[in-house]
Each structure stands twice: as C-alpha cells, then as structure tokens.
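# model the following, please.
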Amino acid sequence: LWEVFESDSSSGSSVIRRIADPASTERDSEGRRVGMAAGLALSLEARKAGLPSEPDSIWVGVPRVPMRSMRKGAPGVGEWALFRGAAVTAEGSLLLEGPGP
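Numbers count the residues shown, from 1 in each chain. Below you'll find the predicted structure:
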C-alpha cells in the first residue's frame, strides 16, 4: 500500500500528485519519507512487476471508510472504491478517470 502525500480531488478532475512507499527506508534530511511523482512511481512499479505500465492500466483503490476506522485494521473488500488512471501529467502526477474520490 502506498501513502498519498499530495492530491487534488476538486470537482471536475482528480489528481494524485505525490506518493510514498511506507516500507521504504529512504528519508529526507528531516527524517520524513521521500515522496515521488505518483504517475511515474506507479508506472515504474507496474513495469518492475511485468505488468502494463500505461496510465489506463493503473487502478487506484481508495478506502471508503473514515481514517479513524482504518487505524484499527485494513478496510474489507467492499469498502474500497476503484479508479482507473487516465493520464500521467507533465510533472508526473496521475490523473484519474471520471469524477474520482
């Protein structure tokens, strides 16, 4: 599971800008996890796994449950909304298809 650092879900478009791998040990000078451009990072991970890396082949799961309940455990199968990637922007963000979360 990747952690979203920066996103925009305003009306009309949904963009995931920066994400980080919680399992990563890479940190910045202040001890925080290093964020990466979402579209580029997810494309790279798909390529490493031998999967198609085009934006429309990337699906993002967004939990439908409040953050408080996620602290107790991972959401169940029916508690996720799936969104397909539409494009990778010039700065490497992932633009989601449809209205988004």
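
# quick one: least confident helix or strand in the chain?
Counting by mean pLDDT, DSSP states H and E, the chain has its least confident helix or strand at helix 67-72, which shows a mean of 63.

# quick check: what element follows that one along the chain?
strand 80-88 (DSSP states H and E).

# what lines up beside the helix or strand following that following strand in the sheet?
Under the assignment DSSP H and E, the closest C-terminal helix or strand after strand 80-88 is strand 94-96. Sheet pairing for strand 94-96, assigned by DSSP bridges, gives strand 14-20 (antiparallel), strand 80-88 (antiparallel).

# surely residue 21 touches residue 2?
Yes. Counting by CB atoms under 8 Å, residue 2 is a contact partner of residue 21 at 5.8 Å. Every C-beta, even on glycine, is put in place using the N, C-alpha and C of the backbone.

# shared neighbours, these two?
residue 41 (CB atoms under 8 Å, 6 or more residues apart in numbering).

# for whatever helix or strand residue 62 lives in, the averaged confidence score.
Using DSSP H and E, residue 62 sits within strand 59-63. The pLDDT scores in strand 59-63 average 82.

# and the longest helix that the chain contains, average pLDDT?
Longest among the helix segments of the chain by residue count, using DSSP state H, is helix 38-48. Across helix 38-48, pLDDT averages out at 91.
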